[in-house]
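Engineer: Next comes the sequence, and after it the predicted model I'd like to discuss.
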Amino acid sequence: MRLTTNHSNSTIILTIVVAMALRVIPWPRDSFAFNPDWVLLFVIYWCLTTPERFGIGSAWVVGLLTDVLTGQLLGQYALSYAVAAYITVRLHRRLRAFPLSQQMLTVLALSLLSQLLIYWSQSIQGLPRTESTVWIPSLVGVLLWPVIFACLGHLGQKSGFR
């Protein structure tokens, strides 16, 4: 049993590393607005499916690493990921019972809330974003949610998750 737990934890860590790599891949300037917050989507997935292994504390740490990785204000992503993780963990039993379309609406709400928190922290710094494309990554993330859910679910089954 111990081996399965270690293997499962390494699967979570590996997928978060992949999400961080997707976050910093250089995108063409025109398509950068369509790059969703991969890390947030993976955090939501793991909080939804395994809240006993990946919760608010884990989301906070991943958020701090994302802050360092992207060169943002320390704690900006940590706060937004921790809030999204709290809501997901708090509602995980209900969310699991939802059909995929309702899960997508929840992911959209969490993603928009995360973007709002980041926008708020940047405006406090005096760096307001006035682009109209600021909400597009949330919409793209929601459209990718069924694929992420299926891929990580398949990977989770192979790694010994319930």
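Structural biologist: That came through, no problem.
Engineer: what's the weakest-modelled helix or strand in the chain?
Structural biologist: In the chain, the helix or strand scored least confidently by mean pLDDT, DSSP states H and E is helix 2-24, which has a mean of 82.
Engineer: and that helix, what does it pack onto?
Structural biologist: Judged by 3 or more CB pairs under 8 Å, 6 or more residues apart in numbering; DSSP states H and E, helix 2-24 is in contact with helix 38-49, helix 56-70, helix 136-158. Quick note: C-beta positions are derived from backbone N, CA and C, even for glycine.
Engineer: Of those helices, flag the one that's most buried.
Structural biologist: Mean neighbour counts were taken over those using mean count of other CB atoms under 10 Å, and the top value, a mean of 25, falls to helix 38-49.
Engineer: same for that helix, what does it pack against?
Structural biologist: Going by 3+ CB pairs under 8 Å, 6+ apart, helix 38-49 lies up against helix 2-24, helix 56-70, helix 76-90, helix 92-97, helix 100-125, helix 136-158.
Engineer: Determine which residue lies closest to the centroid of the chain.
Structural biologist: For the chain, the residue whose C-alpha lies nearest the mean C-alpha position (CA atoms, centre = their mean) is L40; its distance is 1.3 Å.
Engineer: Nearest spatial neighbour of that residue, chain-adjacent residues omitted?
Structural biologist: Counting by CB to CB, 6 or more residues apart in numbering, S114 is the residue found nearest to L40 once chain neighbours are left out, at 5.5 Å.
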